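>>> Starting from these lines, generate the structure:
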Amino acid sequence: MYLAPIKKILKCPENISAWDVLVDNYECFLWDDKTPLDLQWNNIPKAKKLGKLNLHLIDDNSVEIRFNKQSIITRLLLSKQDYLHQMFALNNLINQTVEIYLCIDSIGSSNLGFAFGRKIDWEKFKVEFGEKAFIVRFMAIPADFNDFLESISEYEQRPDITFSQDYVNLTRHLPIYWKATGKNSWVNVEQDDGGLDQGKIVNLINAYIGTDNSSINYLLCFNDQEIVKVSGCPSIAEKLFLKVKESIEVKSSYKGFITSFNFTELFIYDSDFETVLIIVTTSKALLWRSGELLPIS
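Numbering: from 1, shown residues only. As a prediction, this is how the structure comes out:
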């Protein structure tokens, strides 16, 4: 249910980021990524029940947004702000019955997330959790588009918008859908006994993250919770990986073959989050660079 993740966000303690809730439930929200807004909306069953959304390109300068029997024409900005402009126009079109809010925990990440729901449901949330808890997590879209952009900019400059939790900072630099990336994109880094092949992993680090970066980081996690972080120079990647392996434990095996570990993801990334190598507990690896999936040869 699309309202359940909103409740989870509102239940988070004020000083804790709800970013992991957004990541784990990304298919319940709208995102300013490369996917057209109407395709996102209509692929969410609960959103489609509220009404079918259609974007119709009129000419090179304008697009018509149709929702049920309503429609509005908005100009194209021909910039990366076009998605925000369409979201702004859609909210103005439907906000008598359905409201869209910006998820504040997504500000500062690679993608902005938006929650939607019936106006009556939002009012219930405000009563149930209180106005203060609500405005910490969700920002209403202002009536003026420039005010909308300025509000986002003000949040980005707030000192508390950058959370210190390493997992949160790291995953903010990844596409929101990274957990659901297709199986064909993963490569095997498994030993014959099911363990991690240290040689393959170190070779990937040297080939794709390189030795010119000032620092390389290892972050071992279990279900979004950090187990250990190790940082150092890429030129000693093998020694650093040995430190990480000290924290990896085998949880189960069958006839000498390892079937599970104490971690769900191992992230290996450079100091500016430009390149991120992800290794999961099934001993498979995925590589991202500048937010794009990078094929591993």
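>>> burial count for the nearest residue to residue 28 once chain neighbours are set aside?
Nearest-residue entry for residue 28: residue 2, 4.5 Å, with adjacent residues in sequence omitted and distances by C-beta to C-beta, 6 or more residues apart in numbering. C-betas here are computed from N, CA, C, even on glycine. Residue 2 has 19 neighbouring residues, counting by other C-beta atoms under 10 Å.
>>> could you measure residue 2 against residue 117, distance?
Separation of residue 2 from residue 117 (C-beta to C-beta, to the nearest Å): 7 Å.
>>> With residue 234 instead?
Counting by C-beta to C-beta, the gap between residue 234 and residue 117 amounts to 46 Å.
>>> Equivalent analysis for residue 92, please.
With distances taken as C-beta to C-beta, residue 92 is found 16 Å from residue 117.
>>> For those two, indicate the residue with more neighbours.
residue 117 (20 against 16).
>>> Let's verify the more buried one: helix, strand, or coil?
In three-state terms, and counting by DSSP: H, G, I helix; E, B strand; the rest coil, residue 117 is strand.
>>> wait, doesn't residue 9 sit right on residue 137?
Yes: the pair residue 9 and residue 137 qualifies as a contact (C-beta atoms under 8 Å) at a distance of 5.1 Å.
>>> overlap in contacts of those two?
Here residue 9 and residue 137 share the contacting residues 18, 103, 105, scored by C-beta atoms under 8 Å, 6 or more residues apart in numbering.
>>> Now name the helix or strand holding the spatially most central residue of the chain.
Of all residues in the chain, the one closest to the mean position by C-alpha atoms, centre = their mean is residue 176, 2.7 Å from it. In this structure, residue 176 is located outside every helix and strand according to DSSP states H and E.
>>> And it, how far from residue 20?
12 Å.
>>> Kindly report the same for residue 140.
As for residue 140, its distance to residue 20 is 24 Å (criterion: C-beta to C-beta).
>>> bridging residues for residue 31?
residue 113 (DSSP bridges).
>>> Hmm, residue 19 and residue 168 touching each other?
Yes: in this structure residue 168 lies within contact range of residue 19 using C-beta under 8 Å: 4.9 Å.
>>> Those two: who's more crowded?
When residue 168 is set against residue 19 and neighbours are counted by other C-beta under 10 Å, the residue ahead is residue 19, at 25 against 21.
>>> can you tell me which residues contact residue 231?
Counting by C-beta under 8 Å, 6+ apart, residue 231 makes contact with 215-218, 240.
>>> could you redo the last one with a cut-off of 10 Å?
Contacts were defined as C-beta atoms under 10 Å, 6 or more residues apart in numbering; by that measure residue 231 touches 166, 215-219, 240, 243, 271.
>>> again, but for residue 195
With contact set as C-beta under 10 Å, 6+ apart, residue 195 has these partners: 189, 245, 248, 250, 253, 257-258, 261, 283.
>>> Run through the helices of the stretch 151-297 of the chain in chain order.
Using DSSP state H, counting those that start in this stretch, the helices found in the stretch 151-297 of the chain span residues 166-171, 198-204, 237-245.
>>> Perfect, that will be all.
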